[in-house]
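J.: Please work out how this folds:
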Amino acid sequence: MTTATVGHPVHVGVGGGSAITGTGTMLRFMLRRDRIRFPAWTLGLTLLMTYFVTALDTLVERPEDLEGLTAFSRSPAGALFGGPGFGFDELTIERFLAGQYGLYVAIGAGLMGLLTVVRHTRAEERSGRAELIRANVVGRHAQLTAALILAATMAVLVALLIGAMLTGRGFDAGGSLLFGASVGAVALPFAGIAAVAVQVSEYPRVTSGMVGAALGAAFVLRGLGDMAAVQGSGPFWLSWLSPVGWSQQTAAYVHNRWWPLAVSLAFSVVAVTAGYVLSARRDLGAGLMPPRPGPSRAATWLASPFALAFRLHRASLLGWTTALLAAGLAYGSFTQPLLDGFENAPEDLLAVMGGSEDLLAGYLGMMGLTMALAVGVYVVLAVQTLRAEETEGRAESVLATSVSRPAWLGSHVAVAALGVPWLLLVAGLGVGVGAAVSTGDAEVVGDLLIGHVAHTPAVWLVLAVAALLYAVAPRVQPAVWVVVGYGLVAGYFAPILDIPDAALRLSPFEHVGDYPREDVSAVAVVVVTLLAGVLLRAAMIVFRRRDMASGS
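T.: Next comes the predicted model:
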């Protein structure tokens, strides 16, 4: 994109000074740049839903098989990890798919919307490409408008593809189209939130963090509200504060309500309008929240590459610490209601929690896996910041000194690696305190601390894969999300989807053990840690040999 812009000036429109002049040309640029990401997102979300349909068709061979799913789906645990469970008193395959698995596809759609807008707005300004574009006849709002159109187009395509796929599998056409629309609709509010966030900070990493925090808060609020609704008491209205909850309230295949999507659309319009208003109040490349001026001379402790890496990751680490502690306290506080909801569950569903022998240990083990997956997201984002440091020229300035490439890369990886046990410890403490208050058993705090920290090697392996992909080819580094996504599917749905053991072992999170539900395997801890070390060593070697990038 940069080459095309510099070598052949873009003449967008003739005359006129509209704020959206050049939107069409900007949209074509974005489509050209996202020629891989566009189909990856849209087809990927559709294929994920297709996998759920296929796996459930294989598992449920007779109508009686659905009876075993009802107890779990209508329990607080089912509400936490799936949704409010509309129509689960007369459960069908399509209702179970929409009410239990649709949540995770919808979360993916939300990520698609927010990352698309940030990538084509704030990241472009930060790299300097937006300034080159705006030197032509391009309106102030053309870039943001084109990014929003692109995000909306992806959302509509996801909705149509999922709806068509489900209709083709023999499900009700009206419910399928509504379910597809409810998934795609989640992308719109978060694209709107991103449109506001990109005006606030001049750093793409901070912007993505703010919108990502909003997505996480939406998941937590929806979970707490749906759990309260299933129990028949508590703040069930929390679900209505979540854009994810709005889509689930459509109750596809049950009530087939379209009007909750109007709430998503109205919120998106308000957020986008606010984004345009705020955009007019700042300069290109700047943010409404000015960066805090630093001292004229750097502190002596910043003289090493590790200290510099820690300074760059400090804000992100602090934000994740706060978020995981809060989420842990929230989820831990619902421990006893969750256990009460499983008292009469069938054995095949109790397998989700590790069996009926000790449901408390099973739930606590599942919480350890949940927080490990969240910390896996943190390490992937931490490695992605290296790409920004490289393309924006800051890495080159550091490497122009006596700092070697392995030292630069290793410093950033080391900071992320040290952050892993810290974040798992904080998350375990939050869940432990919440669970202790809920159950009256203070001994669970120690078990949770051990169980959470035990996942450190698995998260280190995710970090090593991300670092290796970055060292080999930064453009394909986002492929590491497949590792995290597969860990989620294998960890949550293996007992229900009957995933083979050989396939389960492909997940980094399936080896150490979900303590206290399972004993921690010392052998697995050593092997996974050594494997992570080997991959990191390979990343250092490869990174030493490849060229540094100077653009996208």
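
J.: make it CA atoms for all contacts and neighbour counts henceforth
T.: OK.

J.: what's the helix or strand hosting residue 261 in contact with?
T.: Residue 261 is part of helix 259-279, with elements assigned from DSSP states H and E. The set of residues external to helix 259-279 that reach it, using CA atoms under 8 Å, 6 or more residues apart in numbering, is 141, 182, 185-186, 188-193, 195-197, 199, 243, 246-247, 249-250, 288.

J.: What mean pLDDT does whichever helix or strand comes after that helix get?
T.: Remark: after helix 259-279, the chain's next helix or strand is helix 305-332, criterion DSSP H and E. Taken as a whole, helix 305-332 has a mean pLDDT of 84.

J.: Start the count at 819 instead of 1 going forward.
T.: Sounds good: first residue 819 from here, last item helix 1123-1150.

J.: Could you list every helix and strand that helix 1123-1150 packs against?
T.: The criterion is 3 or more CA pairs under 8 Å, 6 or more residues apart in numbering; DSSP states H and E, and the helices and strands that helix 1123-1150 contacts are helix 1022-1049, helix 1177-1209, helix 1223-1257.

J.: Using PDB, write out every CA atom in the next helix or strand after the first one.
T.: Okay, so that is helix 1022-1049. Downstream of helix 1022-1049, the first helix or strand assigned by DSSP H and E is helix 1061-1066. C-alpha atoms of helix 1061-1066 as PDB (Å, rounded to 0.1, in the frame of the first residue of the first chain):
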ATOM      1  CA  PRO A1061     -23.700  -6.100  23.100                       C
ATOM      2  CA  VAL A1062     -23.200  -9.800  23.200                       C
ATOM      3  CA  GLY A1063     -26.300 -10.200  25.300                       C
ATOM      4  CA  TRP A1064     -28.400  -8.200  22.900                       C
ATOM      5  CA  SER A1065     -27.600 -10.700  20.100                       C
ATOM      6  CA  GLN A1066     -28.400 -13.600  22.400                       C
END
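
J.: who's in contact with helix 1061-1066?
T.: If you take CA under 8 Å, 6+ apart as the criterion, helix 1061-1066 is touched by 901-902, 917, 921, 924-925, 1000-1001, 1003-1004, 1007, 1036-1037, 1040, 1057-1058, 1078-1079, 1081-1082.

J.: Spatially nearest residue to the most centrally placed residue in the chain, not counting backbone neighbours?
T.: For the chain, residue 929 is the residue whose C-alpha lies nearest the centre (CA atoms, centre = their mean; 5.9 Å). Excluding the flanking residues, the one nearest residue 929 by CA to CA, 6 or more residues apart in numbering is residue 1005, at 7.1 Å.

J.: Where do the helices of the stretch 1269-1370 of the chain begin and end?
T.: Secondary structure of the stretch 1269-1370 of the chain (DSSP state H, counting those that start in this stretch): helices located at 1274-1290, 1299-1315, 1319-1322, 1340-1363.

J.: hmm, back to that, can I get the helices and strands packed on helix 1123-1150 in TSV including mean pLDDT and distance to residue 1130?
T.: As requested, the helices and strands packed on helix 1123-1150 are exported to TSV (pLDDT from 0 to 100; distance: least, CA to CA, whole Å):
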stretch	mean pLDDT	distance to residue 1130
helix 1022-1049	82	10
helix 1177-1209	84	9
helix 1223-1257	90	9
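
J.: Stretch 1081-1094: which residues count as buried?
T.: Across stretch 1081-1094, burial judged by 16 or more other CA atoms under 10 Å covers 1081, 1082, 1083, 1085, 1086, 1089, 1090, 1092, 1093, 1094.

J.: ok, now stretch 846-853?
T.: Applying 16+ other CA under 10 Å to stretch 846-853 flags 847, 848, 849 as buried.

J.: so residue 964 makes contact with residue 847?
T.: No - the criterion here is CA atoms under 8 Å, and residue 964 misses it with residue 847 at 9.4 Å.

J.: I'd like the distance between residue 943 and residue 1351.
T.: Distance, residue 943 to residue 1351, by CA to CA, to the nearest Å: 36 Å.

J.: Please identify which of those two sits among more neighbours.
T.: Between residue 943 and residue 1351, counting by other CA atoms under 10 Å, residue 943 is the more crowded of the two (21 against 16).

J.: so who does that one touch?
T.: Residue 943 is in contact with 949, 1102, 1103, counting by CA under 8 Å, 6+ apart.

J.: what about the first one, how many neighbours?
T.: Residue 949 has 14 neighbours, counted by other CA under 10 Å.

J.: Could you do residue 1323 as well?
T.: Close neighbours of residue 1323, defined as other CA under 10 Å, add up to 13.

J.: The nearest residue to it once chain neighbours are set aside: neighbouring residues, count only.
T.: Spatially, and ignoring its direct neighbours in sequence, residue 1323 is nearest to residue 1329 (7.0 Å; CA to CA, 6+ apart). Number of residues near residue 1329 (other CA under 10 Å) recorded here: 21.

J.: contacting residues for residue 1329?
T.: Residue 1329 makes contact with 1323, 1339, 1342, 1343, according to CA under 8 Å, 6+ apart.

J.: Torsion angles phi and psi at the nearest residue to residue 1339 once chain neighbours are set aside?
T.: Distances taken as CA to CA, 6+ apart place residue 1330 nearest to residue 1339, at 5.2 Å, with adjacent residues excluded. With angles defined as degrees, to the nearest 10, residue 1330 sits at phi -70, psi -40.

J.: if I read this right, residue 1330 contacts residue 1344, doesn't it?
T.: No - look at residue 1330 against residue 1344 with CA under 8 Å: they stay out of range, at 9.4 Å.

J.: contacting residues around the nearest residue to residue 1327 once chain neighbours are set aside?
T.: Leaving aside its chain neighbours, residue 1327 sits nearest to residue 1276 (5.4 Å; criterion: CA to CA, 6+ apart). Contacts here follow CA under 8 Å, 6+ apart; on that basis residue 1276 touches 1326, 1327, 1330, 1346, 1347.

J.: Please parse the chain into its domains.
T.: Taking automatic domain parsing as the reference, the chain has its domains at 837-1103, 1123-1370.

J.: Same list, these, but as a markdown table with distance to residue 1111 please.
T.: Listed next are the domains of the chain as a markdown table, based on distance: least, CA to CA, whole Å:
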| stretch | distance to residue 1111 |
| --- | --- |
| domain 837-1103 | 14 |
| domain 1123-1370 | 15 |
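
J.: Least confident of those, on average?
T.: Between the domains of the chain, the one with the least mean pLDDT is domain 1123-1370; it has a mean of 82.

J.: May I have the phi/psi pair for residue 1221?
T.: Torsion angles at residue 1221 (phi, psi; degrees, to the nearest 10) stand at phi -80, psi 130.

J.: Next: residue 903.
T.: When quoted as degrees, to the nearest 10, the phi and psi of residue 903 stand at phi 70, psi 50.

J.: Do I have it right that it meets residue 917?
T.: Yes - using CA under 8 Å, residue 903 is in contact with residue 917, at 5.4 Å.

J.: Tell me how many other residues surround residue 967.
T.: As a burial measure, residue 967 scores 17 neighbours (other CA under 10 Å).

J.: Who are the contact partners of it?
T.: Residue 967 sits next to residue 845 when contact means CA under 8 Å, 6+ apart.

J.: What distance do you get for it to residue 1126?
T.: According to CA to CA, residue 967 stands 38 Å off from residue 1126.

J.: And residue 960, by the same measure?
T.: Remark: distance between residue 960 and residue 1126 (CA to CA) = 36 Å.

J.: No further queries at this time; thank you.
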